[in-house]
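Visitor: Curious how this folds, go ahead:
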Amino acid sequence: MPAPGQKNDCGVYTPHETLELPMPRKGWRGMPLADIDLVQTPEGWRSCFGYQFMTGDCCGRGSPLTDHDRAFPTRELAVSHSATALRKIAARRADREAKLVLEWLDNLEPVQADLFALL
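Guide: Predicted structure coming up:
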């Protein structure tokens, strides 16, 4: 396996960092409930996300970090990009796992409070 930030023969980067929400099942050894991979390249920070909902339709997604992923000037913008996309997917669901993902994303990237809501 290449060092973090390096590509393998297929052009897939090894992440520098993975933000992970473990599956809330005792003894689970599979994919996390949600994750965001981050890598810093010469062009900037890149991110991709994955998720695995085991209730209802059992949908999921995972993708490798490649040059096809957009580069951002900061780590925070890369996290925000993936968090926004994952938030849209989780918000369309009404199950417990989606709620856990939304709470996790709120801790990663707090939603901007509406300053005029109290007026």
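
Visitor: Which neighbouring elements make contact with the least confident helix or strand in the chain by mean pLDDT?
Guide: Ranked by mean pLDDT, DSSP states H and E, the helix or strand of the chain with the weakest confidence is strand 60-61, at a mean of 86. For strand 60-61, the packing partners by 3 or more Cβ pairs under 8 Å, 6 or more residues apart in numbering; DSSP states H and E come out as strand 44-52. Yep, even glycine has a C-beta here, placed from its N, CA and C like the rest.

Visitor: again, only using 10 Å
Guide: The contact analysis (3 or more Cβ pairs under 10 Å, 6 or more residues apart in numbering; DSSP states H and E) places strand 60-61 against strand 44-52, helix 75-91.

Visitor: Parallel or antiparallel, which strands does that strand pair with?
Guide: Sheet pairing of strand 60-61 (DSSP bridges) gives strand 44-52 (antiparallel).

Visitor: can you list the helices and strands packed on strand 60-61 in a markdown table and add mean neighbour count?
Guide: Below are these laid out as a markdown table (neighbours: other Cβ atoms under 10 Å):
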| stretch | mean neighbour count |
| --- | --- |
| strand 44-52 | 21 |
| helix 75-91 | 17 |
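
Visitor: The ones you listed into CSV, with extra columns for distance to C59?
Guide: Output for the helices and strands packed on strand 60-61, formatted as CSV (distance: least, Cβ to Cβ, whole Å):
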stretch, distance to C59
strand 44-52, 8
helix 75-91, 9
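
Visitor: Format those as JSON lines; extra columns: mean pLDDT and distance to G62.
Guide: Listed next are the helices and strands packed on strand 60-61 as JSON lines, based on pLDDT from 0 to 100; distance: least, Cβ to Cβ, whole Å:
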{"stretch": "strand 44-52", "mean pLDDT": "95", "distance to G62": "4"}
{"stretch": "helix 75-91", "mean pLDDT": "95", "distance to G62": "12"}
